[in-house]
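**Q** Sequence and predicted structure are below.
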Amino acid sequence: MKKIILVALLSLFVICLFACNDSPANEIESGNDETTVFDETTEETTEEEMETINFSDYVDFVVSVPEDREAVILQLTDPQIIDSSQCRTEDRLSSIGKDIWSPDKKDIRCYDYLREIIENTNPDLIILTGDIVYGEFDDNGENLLEIIEFFESFGIPWAPVFGNHDNESKMGVDWQCEQFENAEHCLFLQRDLTGNGNYTVGIEQGGKLTRVFFMLDSNGCGNASQESLANGHTKTSPGFGKDQIKWYKEVVGNIHDVSPDTKYSMAFHIQISMFGEAFKKYNTDGTDHIFIDYYEDKQEGDFGYIGSVMKGPWDGDLTVWKTILRYGFDSVFVGHEHANSASIVYNGVRLQYGMKTSTYDRSNYIDKYGNIVVSDNSSNTPWIGGSVFNLASDGSIVNPHIYYCENAGGNIDWNDILRPEVAVNGLQKGKDLTAQTGVSITGVYFEDDTTAYEVIADSQGKLYVNVELLKNKSTFTFTVYLPETSNQKLGGMGELAIRVKPNEIEPSGADGQVDGYIDYDSASSLESCQLKYGEWQTFTVDISSLGESCTEFAFVIPAGNTIYLKDLTIE
């Protein structure tokens, strides 16, 4: 009898095990991503039944578009308005920063661009993917109220999500949410989920729900104010909470039951790690900057610019990515990386960075040779615009592209000014000079047709000199140009340093101390190590003490700085 009971229990266990393995949740865990959870035969809803469905029962907001044309969707991102008059401390910004981000500059830095983009694209819906204001500089809430009033003036539905800076404001995120919810044309809903503002916007056309946008908070406001943290669900680390994932899976399931052909998009601020895999289609992690539109092996449907390595990607275990595939999402729209505007189709999913829509904080600028440089202020041409796409009658994404503002890249003939990387005299990139991840080195034309290496540090990093070249040599000479905007400093040092290992072989007295670093600083009292902004300077380092024992000799560049190097020689 006991054996019979045992066999029965084992049989029941096996049946339950197979049943569990057939569930969507377990399929996601298994990594079986080739099919969606809805690939099983679904009974189609008839046109008569569709006419009786109230889509507002399934999505939070419905935007109806005339049947005789394609819907137009505009993605704007990272206006990130800074009001220098609201600095919390006197030394928070330099005198330059206080001037360029003064309240009277809002039109030329932001609103003029936004107005041009919106008026020339005439969208049916605007999705705003975060960092709407720089919350630290909006403690009185005026910047948020102003930009809400600005968007409201167009009478176009607009749907915002929070970025990693908005919730720094001392007004608190609950107050910010209330302002969005009270605006007539703003589509926003504060849910009792992790983060702030998780909601859906559906596109209705011809009596069908063609596409649904899931507007999600990717969280990650590390400097959220105490007023924002007070609600208990503001999350300072990036990534969705489990309740957010559960919510969007349930909503997709409910919609699919009545409208199986509906297509789905996600919009949030900070990119998931899979964006890095998409970069690899163009043989870069962001260190080598790629203008996809003019890439030799550009793939159909891809466009935009990869100008930066990713900062703070999340979903390293692919939990969210697997739900994206399994629940039929075909597109993800993000912001966050000001230098990136790439839109790449990867594994059937469009992964898109929005084009930055203001010159607040860091943004891309274009010099006369077509070199694209990231800066928080520049005399070169800013590169600003909005990401646009249409929706066909079945909700499919068609004609995705970037609208470039007329005087911010829109009137540039790239075919005329783009040039291949140029040769630079002295040590050569690749063989003699190699860049650490987060640092890029490119041979470019400088002013007056001078050739130099443009070295951009997206994150603090090193440019290594091949130490084999230094053995038993006497001098290392380099010529450097430090733009005025490259004013970030290394901890306890200046705007540039040379790292020498082992520490004790650092050329004696090069900067007055032997600590493994030769420090170049605009504030240095030593003429041999004093940097000057906006002019070429030549420095010579006595390397005779290195002998054959040097294991590292590298320039160290702070995050955010760009330097130009030429005439690097070893004798």
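**A** On my side now, so go ahead.
**Q** Quick check, central residue of this protein?
**A** Residue closest to the mean C-alpha point of the chain, counted by CA atoms, centre = their mean, is E337 at 2.1 Å.
**Q** OK, contacts around it?
**A** Q271, G307, S308, M310, K311, Y353 (CB atoms under 8 Å, 6 or more residues apart in numbering). Any C-beta I mention is one placed from the backbone N, CA and C, and that applies to glycine too.
**Q** wait, F275 sits on L351?
**A** Yes - counting by CB atoms under 8 Å, F275 does reach L351; the two are 5.3 Å apart.
**Q** Pull up the overlap in contacts between the two.
**A** In contact with both F275 and L351: V334, using CB under 8 Å, 6+ apart.
**Q** that's a helix at the residue nearest to the centre of the chain, yeah?
**A** No - secondary structure of E337 (DSSP: H, G, I helix; E, B strand; the rest coil): coil, not part of a helix.
**Q** how near is it to P103?
**A** Distance of E337 to P103, given as CB to CB, to the nearest Å: 27 Å.
**Q** same thing with I290?
**A** 37 Å.
**Q** Could you single out the nearest of the contacts of E337 to K235?
**A** Among the contacts of E337, Q271 lies closest to K235 (CB to CB), at 16.6 Å.
**Q** Where does pLDDT dip in the chain?
**A** Applying pLDDT under 70 to the chain flags residues 1-35, 39-51, 368-369, 416-420, 507-512.
**Q** so the closest residue in space to E181 that isn't next to it in sequence is in which element?
**A** Ranked by CB to CB, 6 or more residues apart in numbering and with sequence neighbours excluded, the top spatial neighbour of E181 is F188, at 5.5 Å. Assigned by DSSP states H and E, F188 belongs to neither a helix nor a strand.
**Q** Wait, F188 touches E178, no?
**A** No - the criterion here is CB under 8 Å, and F188 misses it with E178 at 9.7 Å.
**Q** Compare neighbour counts for these two and give me the winner.
**A** A direct count of neighbours by other CB atoms under 10 Å for F188 and E178 places F188 higher, at 24 against 14.
**Q** can you tell me which of the contacts of E337 are in helices?
**A** Using DSSP state H, no member of these falls within helices.
**Q** which ones among those residues are found in strands?
**A** Within the contacts of E337, residues falling in strands by DSSP state E are Y353.
**Q** top of the contacts of E337 by neighbour count?
**A** Y353 leads the contacts of E337 on contacts (other CB under 10 Å) with 31 neighbours.
**Q** That one and A497: what is the separation?
**A** Separation of Y353 from A497 (CB to CB) stands at 32 Å.
**Q** about what we covered before: and I290 and P103? which has more neighbours close in?
**A** I290 (19 against 15).
**Q** Can you give me the distance of the more buried one to Y305?
**A** According to CB to CB, I290 and Y305 sit 7 Å apart.
**Q** Quickly list what's touching both of those two.
**A** Taking CB under 8 Å, 6+ apart as the criterion, I290 and Y305 both touch A342.
**Q** Enumerate the beta-bridge partners assigned to F214.
**A** F214 has the following beta-bridge partners by DSSP bridges: T200, M266.
**Q** mind listing what it touches?
**A** N198, T200, Y248, V251, Y264, S265, M266, A267, F329.
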